[in-house]
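> Could you work out the structure for the sequence below:
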Amino acid sequence: MELFLQSIVNSLIQGGFFALWAVGLVLIFGVMGVVNFAHGELVMVGAYTVWLLHAQNDVPFLIAIPVAIIIAMMIGLVMERFLFRPNRTDPLAGLICSIGVLFILQVIAHEVGGTGPAKQVAPPFNQIVEIGESLRIPMQRLFSLGVAIASLGVLWFFLTKTKLGWALRAVALDREASALQGININRISMIAIGVGAAMAGLAGALMAPLQNITPHMGHNVIITAFIVTIVGGVGSLSGAVAAAFIYAAFHTFVTAYFNGTVATICGLLIMVVVLIIKPTGIMGVKVSE
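The predicted structure is shown next:
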């Protein structure tokens, strides 16, 4: 029972990370029509920023987090302006450019952190919250879950209650019609990738005290983000969030009772089954040309 309850808590925390990864990827793809393969590396940038500032230079953790968000956002904006915008009519060229950025960011991480063992950040909140007699949850994990849920709530409010959010959703639905209505496509694209990159940077910053940090940690991030995006429905933010928590629960329980490799393989099988049964994903809709 203790393992079961602990797995539930861990799945919620992991689901928060998965959702932050996936909504950023969905947002960028929906508005810009480009698959950003460097999205996982933006998560890595957030984690490395916290390691460099907090673990190496004693900058307070709560200050390092917004710095990580800003750096990831700036990288995303540079990618949009100089890589994705000139190749707007050629999605394949944008994808290839993002792969190039992926390797560049990995090389920079190697130069900044050097070679050797994975980097680690001591949890700034090292208290333990006890629930009942058997469930013990580190405060660092609860903090990460709370920030992730709050960030998703702010994103939901932005997309559903503000004019910029409405414009962003309109462009995701129909770029040409939105342009005819006077919406500035370039501006909306910058907002989309800025928000998506910020979510990735935030995820990396929150993950830094909870796992090892390496230049290649973005690989698992992008694989998971793609699984969650496809299962939830490409272009569906609500589907991505729902699929993130569902997949996190599945992955956590399989890992707890078997191992991580089996969990990843089963996750890919689930994606294939969903594509066979419902190609649009659990919350995606079929769009007719």
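> Okay, now the unreliable bits of the protein?
Across the chain, the ranges flagged by pLDDT under 70 are 1, 285-289.
> Going along the chain, name the strands of it.
Using DSSP state E, the strands of the chain run over residues 128-131, 135-138.
> which residues sit against the last one?
Right, the one you point to is strand 135-138. Glu2, Leu5, Gln6, Val9, Pro123, Phe125, Asn126, Gln127, Ile128, Val129, Glu130, Ile131 (C-beta atoms under 8 Å, 6 or more residues apart in numbering). For every residue, glycine as well, the C-beta is placed using N, CA and C.
> same deal with the first one?
Judged by C-beta under 8 Å, 6+ apart, the contacts made with strand 128-131 from elsewhere in the structure are Arg136, Ile137, Pro138, Met139, Leu142.
> give me every residue that touches the residue of the chain most remote from its centre.
Note on the chain: the largest C-alpha distance from the chain mean falls to Glu133, namely 34.1 Å (C-alpha atoms, centre = their mean). By C-beta under 8 Å, 6+ apart, the contact set of Glu133 is empty.
> for it, phi and psi?
Note on Glu133: its backbone torsions stand at phi -100, psi -20 [degrees, to the nearest 10].
> Can you tell me how far it is from Gly260?
Glu133 is 29 Å from Gly260, where distance means C-beta to C-beta, to the nearest Å.
> ditto for Phe37
Distance, Phe37 to Gly260, using C-beta to C-beta: 22 Å.
> So which of these two has more stuff around it?
The neighbour count for Phe37 versus Gly260, taken as other C-beta atoms under 10 Å, is higher for Phe37 (20 against 13).
> from what I can see the more buried one touches Phe103, true?
No: assessed by C-beta atoms under 8 Å, Phe37 is found out of contact with Phe103, at 10.1 Å.
> circling back to that earlier point, return the closest of the contacts of strand 128-131 with respect to Phe84.
Leu142 (36.6 Å; C-beta to C-beta).
> Give me the nearest residue to the closest one, chain neighbours excluded.
Nearest-residue entry for Leu142: Val129, 6.2 Å, with adjacent residues in sequence omitted and distances by C-beta to C-beta, 6 or more residues apart in numbering.
> and that neighbour, how far is that from Gly100?
Separation of Val129 from Gly100 (C-beta to C-beta): 44 Å.
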